[in-house]
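> quick one, fold the following:
(chains A, B, C and D)
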There are 2 protein chains.
Amino acid sequence: MQRTRFGDMACSIARTLDVVGEPWSPLILRNVYVGITRFEQLQQSLGISRKVLTERLKWLAENGVLERREYSSRPPRHEYTLTAKGLELCDLLLVMVRWGDRWTAGEAGPPVLYRHHACGEISHVELHCSVCDRPMRATDIDVLPGPGAENG
Amino acid sequence: MQRTRFGDMACSIARTLDVVGEPWSPLILRNVYVGITRFEQLQQSLGISRKVLTERLKWLAENGVLERREYSSRPPRHEYTLTAKGLELCDLLLVMVRWGDRWTAGEAGPPVLYRHHACGEISHVELHCSVCDRPMRATDIDVLPGPGAENG
DNA sequence: CGAATGAGTTCCCTTAGGGAACTGACATGC
DNA sequence: GCATGTCAGTTCCCTAAGGGAACTCATTCG
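Now for the predicted structure:
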């Protein structure tokens, strides 16, 4: 439903959720990321209703996450690609994968593996501090009001 | 709406979304993480409808993300705390924060700052490889089928 | 005793998702 | 050149989920 507006909240989590907060969007991004870029392919691979897919693609394009490009004009055909903004959202997907692998994969093991170009190994992401490079998890931080806080 | 079942998909992203894929759940987790742990507080701070909050808390508790604890039995009162599973989900929040700060904060700057215990500096998370410790972004990896793949 | 509080529950209304059928612009085969 | 196929949507109806307000229930406080 989501009648409540998340985009207006003074919270970067809420504002991120405003863009990709309903559950299909991350899966659309994932598929575009792996090369499934066209309407028909997306619809079939996800099993999403065509109506909702149309709405999501429009929304994601309006918000600069996807770009809608004509790859054929004779029959007008389009495909969707990730912008820089959208590619950075894929970081989120990698962290979702990590959590899903750890907590929901069960006996069968992870459905997908990720090989890091730099070292060639199968691995997963870990969160590090941008300043000191050491691990930085939710338990390792203090939360402070910032310049964009509500009544700052 | 989400009549489609994400939990059954052979995709760790979908299975993560099955647990926290609708937009209120991450905000609930965020608030529990910062110490807003009771029903009334959560309802007021988020502006969520009481009905939906009840459903979400129940779902998150059933899925082992939150724990419902009685902190008073004389009038029966409960509070919700993060489990280990839930705390690891907060990693996801940190990455959402990072993206929201970069792409949606605008002039005002980030509403909240994070200080890393280890170095004492205001910083943000970056994704690194669990094997070689170097940066690992969506552009730095190959995707391969894993043991839990659909027809493996 | 009456009001307040915390934590829900119930009810109704609106809106968003699912699914199937339909459209429109071409392209292809016979 | 007409029927068929394909891609990318659009339209329509139905159901389920979200929003909001009122109500419940146990208990405490003044």
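
> any idea how far residue A:45 lies from residue B:99?
25 Å (CB to CB, to the nearest Å). Using the backbone N, CA and C atoms, a C-beta is placed for each residue, glycine as well.

> those two: which has the busier surroundings?
residue B:99 (21 against 14; other CB atoms under 10 Å in any protein chain shown).

> wait, isn't the more buried one in contact with residue A:91?
Yes: counting by CB atoms under 8 Å, residue A:91 is a contact partner of residue B:99 at 7.1 Å.

> okay, now residue A:98: neighbour count?
Residue A:98 has 23 nearby residues by other CB under 10 Å.

> list the beta-bridge partners for residue A:116.
residue B:141 (DSSP bridges).

> pretty sure it contacts residue A:123?
Yes: counting by CB under 8 Å, residue A:116 touches residue A:123, with 5.1 Å between them.

> more neighbours: which of these two?
residue A:116 (23 against 20).

> give me every residue in chain A lying close to DNA strand C.
A:1-3, A:22, A:24, A:47-52, A:55, A:74-76 (CB under 7 Å from any atom of the strand).

> one step back: intersection of neighbour lists for residue A:116 and residue A:123?
Overlap of the contact sets of residue A:116 and residue A:123 (by CB atoms under 8 Å, 6 or more residues apart in numbering or on different chains) consists of B:129, B:131, B:132, B:136.

> any idea how far residue A:96 is from residue A:58?
For residue A:58, the distance to residue A:96 - CB to CB - is 23 Å.

> got the buried residues for stretch A:133-145?
Across stretch A:133-145, burial judged by 16 or more other CB atoms under 10 Å in any protein chain shown covers A:135, A:136, A:137, A:138, A:140, A:141.

> repeat for stretch A:73-85
Neighbour counts over stretch A:73-85 (16+ other CB under 10 Å) mark A:79, A:80, A:82, A:85 as buried.

> residue A:67 touches residue A:80, doesn't it?
Yes: using CB under 8 Å, residue A:67 makes contact with residue A:80 at a distance of 6.9 Å.

> hey, what's in contact with both of those two?
Residues within reach of residue A:67 and of residue A:80 at once, by CB under 8 Å, 6+ apart, are residue A:61.
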